[in-house]
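Just need the structure, nothing else, for what follows:
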Amino acid sequence: MKKITKITIWLLAAGWLAGCEKGDDLVYKSDDGVYFDFSSSDLTNQRIDSVIYSFALFPDKSFDTILLPVRLSGNRTTAGRKVKVTLVNGKTTAQPGLHFEVLKADYTLPADSGRLDIPVVIYNTDPLLAEKAVRLFLQLQPTGDFATMFPKLDTAKIIFSNRLEKPLYWEIWQGELGEYSRVKHELFIRVSGTTSLTEDRADWQATPKVLYHTRRFRSFLANPKTWTEENPEEGYVVTPGANGTLEFYHSENTAKKYILTLNPADGRYYFTDEDGDPVI
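Numbering: from 1, shown residues only. Predicted structure coming up:
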């Protein structure tokens with residue numbers, strides 16, 4: 001009897017399975033959603049939710065566009081769909097019109113696409129950006145097309161300024177670069193041909209490249225006007241300023257100018273750093 005019972009159970013199970021069609025498959029269904037798709041830090045293995053930007057690294061720019069990656073969670077469709085992002089006012093310190101372009105009412109995820117880059121235009125027109133950073137705190141919002149189902153993934157921050165901090169490489173190559181100042185650092189980025197130097201002085205193969213950049217910079221400091229004339233492709237100019245001074249700036253960003261003052265003792269023009277000392 002036991003054998004007959006077992007055979008009967010197996011036959012019943014086989015019949016039930018045979019009667020199932022593909023349409024009976026259990027499929028998990030939920031609303032389509034969107035989230036910010038930032039990568040994780042290789043060092044901490046934590047999600048990165050911020051874009052940190054300094055205009056000081058890009059002297060020719062009076063504005064720039066930050067692209068925030070948004071990813072679809074759900075099904076692609078043959079029609080475009082609306083994505084909405086807003087500012088969190090209590091956590092945003094940047095001012096619309098002064099620091100950034102006002103966000104659009106919504107953005108479109110293209111048809112048959114699982115990704116959208118939301119453009120946020122930031123401005124380099126506020127002189128106070130040289131002293132402090134401002135922040136945009138953004139959050140995805142539900143729309144008729146999408147839900148926001150991931151609270152830990154629906155926010156993003158853009159933190160930006162126009163100031164620099166003393167880098168480690170400056171300590172390592174101070175013999176070539178001289179005493180640090182923020183103004184000197186800005187000028188180095190503008191004319192040296194690089195934004196950074198190697199932090200390993202023992203790497204002898206990198207030394208010729210370092211010397212190229214630092215000596216190019218020193219040549220500029222010795223005579224900025226001659227340097228701009230010999231390197232027109234860089235886009236910088238030196239023009240007369242007020243009270244016998246000269247002004248050094250990029251032709252595409254006239255809002256940021258560096259003043260050169262004549263030193264009667266040696267007949268040379270010098271930049272002045274944030275402490276009022278000559279940049280040498």
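
pLDDT score for residue 234?
As predicted, residue 234 sits at a pLDDT of 92.

For the host helix or strand of residue 228, buried residues please.
Per DSSP states H and E: residue 228 is located in helix 224-230. Residues of helix 224-230 classed as buried by neighbour count (16 or more other CB atoms under 10 Å): 224, 227, 228. Quick note: C-beta positions are derived from backbone N, CA and C, even for glycine.

Which residues are in contact with the second one?
Yep, that's residue 227 we're talking about. When contacts are counted by CB atoms under 8 Å, 6 or more residues apart in numbering, residue 227 touches 191, 219, 220.

how much space between it and residue 218?
For residue 227, the distance to residue 218 equals 10 Å [CB to CB, to the nearest Å].

Equivalent analysis for the first one, please.
Per CB to CB, residue 224 is found 12 Å from residue 218.

and if you look at residue 54?
With CB to CB as the criterion, residue 54 and residue 218 are 24 Å apart.

With neighbour numbers in mind, choose between these two.
residue 54 (18 against 15; other CB atoms under 10 Å).

and that one, how far is that from residue 220?
21 Å.

ok, the residue nearest to residue 240 when sequence neighbours are not counted - contacts?
Among residues not flanking residue 240 along the chain, residue 246 sits closest, at 6.4 Å (CB to CB, 6 or more residues apart in numbering). Under the criterion of CB under 8 Å, 6+ apart, the neighbours of residue 246 are 224, 225, 238, 239, 240, 259, 260, 269.

what's the distance between the closest residue to residue 178 other than its chain neighbours and residue 217?
Spatial nearest neighbour of residue 178, chain neighbours left out: residue 280 (6.4 Å); criterion: CB to CB, 6+ apart. Applying CB to CB, the value for residue 280 to residue 217 is 12 Å.

Quick check on these two: which one has the bigger neighbour count.
Between residue 280 and residue 217, counting by other CB under 10 Å, residue 217 is the more crowded of the two (23 against 13).

I'd guessed that one sits against residue 191; true?
Yes: taking contacts as CB atoms under 8 Å, residue 217 lies within contact range of residue 191: 6.0 Å.
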